[in-house]
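Chemist: With the sequence up front, the predicted model follows.
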Amino acid sequence: MSAMEVPSLHHKTMKGIERKVGKHVRAVAKESCTEALQQERLPLYVKQETTSDQTAKGQFKYDMGWQKRGSGRSYDSKSGVGTLIGNRAGKVCAYGARIKDCKTCNYHKGKGPVPKHQCFKNWNGSSKAMEADVGGELVEEFEKENVNWCGYHQGQQSYKHKGLPYGRPLTGDSLREDMDAIFRVFIANSDKIAPGGSTKDVESFNNMVATKAPKRMYLSSSDSLLNRVACAVAQKNDGHSYINTLNNSLCMSPGRLMAERAELKRRRSAK
């Protein structure tokens, strides 16, 4: 900006603006995830004949990306972002982050009491265990929000199982033992029989996060990482038009040039 004779902003001023805008960015990303989840749920309520289980049930892809390059033997990244992408629409339905560091806590460590601040540190375990923890959290949230997918949970007493005699559930301890023995064989060979779906959508999103939060920069000790991840989520779901949505939430003019640029980007990505 100085090269154009425009006064540059102080880094503290920029950080203050980022914190104000960051709340709206995360809200826009959350709303886009909710809309993406609705798109995944919609086909389940439409009665249509199909021979493929993949079109009759919602399927999702999950993976985690870390903000530090791993050597293949050790993973010591201070943060990681897990993403759940729908198989039908290819959009981010849920995401979560694990952060092991806090800039303010580190600064005051050993100097006295830590002042009250917004601490984003939420993980103390190993970096490798972040992936399983975020995945479990997303599945739990997903099940809580979508209990009505299963007719049994809507009315357990009146529900009738269509594939069982007289619509009644299976009972009996001996039958349970036999069923457990059968399923243990499948569990032991789960790696072999698991569907080999493509995760290119998740890898593409991880690359999008890396462009907004480069691994050469350390962003894992503040809210900068969460704000940049939220931008990546909104861009993945809504394209570059999410900037206009963000401007509307900030009571700013959307901008005609920005809308045209977003439409041009959308057309290029659609080819």
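Modeler: Received the coordinates, thanks.

Chemist: Name the SS class of the closest residue to Val25 other than its chain neighbours, please.
Modeler: In this structure, Val25 finds its nearest non-sequential neighbour in Ala230, 4.5 Å apart by C-beta to C-beta, 6 or more residues apart in numbering. C-beta: built from backbone N, CA, C; applies to glycine. Under DSSP: H, G, I helix; E, B strand; the rest coil, the three-state class of Ala230 is helix.

Chemist: which residues sit in contact with Ala230?
Modeler: Gly22, Val25, Arg26, Val28, Ala29 (C-beta atoms under 8 Å, 6 or more residues apart in numbering).

Chemist: gap between it and Ser2?
Modeler: Distance, Ala230 to Ser2, using C-beta to C-beta, to the nearest Å: 30 Å.

Chemist: And for Ser253?
Modeler: According to C-beta to C-beta, Ser253 and Ser2 sit 26 Å apart.

Chemist: Give me the residue at the spatial middle of the chain.
Modeler: For the chain, Tyr95 is the residue whose C-alpha lies nearest the centre (C-alpha atoms, centre = their mean; 1.6 Å).

Chemist: That residue should be in a helix, yeah?
Modeler: No - counting by three-state DSSP, Tyr95 is located in no helix; its state is strand.

Chemist: which residue packs closest to it, ignoring adjacent ones?
Modeler: Using C-beta to C-beta, 6+ apart, the closest residue to Tyr95 is Thr83 (4.8 Å).

Chemist: who does that neighbour bridge with?
Modeler: Asp63, Tyr95 (DSSP bridges).

Chemist: who touches it in this structure?
Modeler: The contact partners of Thr83, by C-beta under 8 Å, 6+ apart, come to Tyr62, Asp63, Met64, Gly65, Val92, Ala94, Tyr95, Val202, Phe205, Asn206, Val233.

Chemist: Serialize the residues you listed to JSON lines and add fields for pLDDT and distance to Tyr75.
Modeler: Below are the contacts of Thr83 laid out as JSON lines (pLDDT from 0 to 100; distance: C-beta to C-beta, whole Å):
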{"residue": "Tyr62", "pLDDT": "89", "distance to Tyr75": "17"}
{"residue": "Asp63", "pLDDT": "90", "distance to Tyr75": "14"}
{"residue": "Met64", "pLDDT": "91", "distance to Tyr75": "10"}
{"residue": "Gly65", "pLDDT": "91", "distance to Tyr75": "12"}
{"residue": "Val92", "pLDDT": "92", "distance to Tyr75": "23"}
{"residue": "Ala94", "pLDDT": "91", "distance to Tyr75": "23"}
{"residue": "Tyr95", "pLDDT": "94", "distance to Tyr75": "19"}
{"residue": "Val202", "pLDDT": "86", "distance to Tyr75": "18"}
{"residue": "Phe205", "pLDDT": "91", "distance to Tyr75": "19"}
{"residue": "Asn206", "pLDDT": "91", "distance to Tyr75": "15"}
{"residue": "Val233", "pLDDT": "94", "distance to Tyr75": "23"}
